[in-house]
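S.K.: What shape does this take:
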Amino acid sequence: VQLQASGGGLVQAGGFLRLSCAASGRTSDSLMMGWFRQAPGKEREFVAGISWTGASTEYVNSVKGRFTISRDNAKNTVYLQMNSLKPEDTAVYYCAAAYGWNWSPRAMAYWGTGTLVTVSS
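M.R.: Predicted coordinates for the structure are as follows:
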């Protein structure tokens, strides 16, 4: 499975961005998809995750109410809508996939390329 993230950029605080992650290869209906981020000097952290059907989602507390994860399985694409962005959201964002509902970075089976999000104050 290959994952390609896109949609990052520079935005002012309070603004919005939508990230996309396109999956290709041997995708299956058991794959959970998620977004992680890594700020300079910090460890990679879980941001949001979604089940294959989209019925289940999970978010880190710091983004609840501002970020929304969704997926379009017909397009093999997962999205992260990020609203009310804050400078502390600045990071490289990665998409990832796993076969179970465990959002530890070590549990991810596949990682995509990163896309940089910079939020200016």
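S.K.: which strand of this structure spans the most residues?
M.R.: Looking across the chain with DSSP state E, the single longest strand is strand 110-120.
S.K.: what does that one rub up against?
M.R.: Contact with strand 110-120 is made by 1-13, 15, 17, 19, 21, 37-38, 82, 85-98, as judged by C-beta atoms under 8 Å, 6 or more residues apart in numbering. No exception for glycine: its C-beta is placed from N, CA and C like everyone else's.
S.K.: mind running it again at 7 Å?
M.R.: With C-beta atoms under 7 Å, 6 or more residues apart in numbering as the contact definition, strand 110-120 has outside contacts at 1, 3-8, 10-13, 17, 19, 21, 85-87, 89-97.
S.K.: Of these, select the buried ones using a ChimeraX command.
M.R.: Remark: buried members of the contacts of strand 110-120, expressed as a ChimeraX selection using 16 or more other C-beta atoms under 10 Å:
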select :3,5,7,8,11,17,19,21,85,89,90,91,92,93,94,95,96,97
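S.K.: How about the contacts made by the residue most central in space within the chain?
M.R.: Among the residues of the chain, the one closest to the centroid is Trp35, at 2.2 Å (C-alpha atoms, centre = their mean). If you count contacts by C-beta under 7 Å, 6+ apart, Trp35 has them with 19, 47-48, 69, 80, 93, 95.
S.K.: Please apply the same query to Ala13.
M.R.: Going by C-beta under 7 Å, 6+ apart, the list of residues near Ala13 reads 85-87, 119-121.
S.K.: Repeat that for Val60.
M.R.: By C-beta under 7 Å, 6+ apart, Val60 lies in contact with 45-47.
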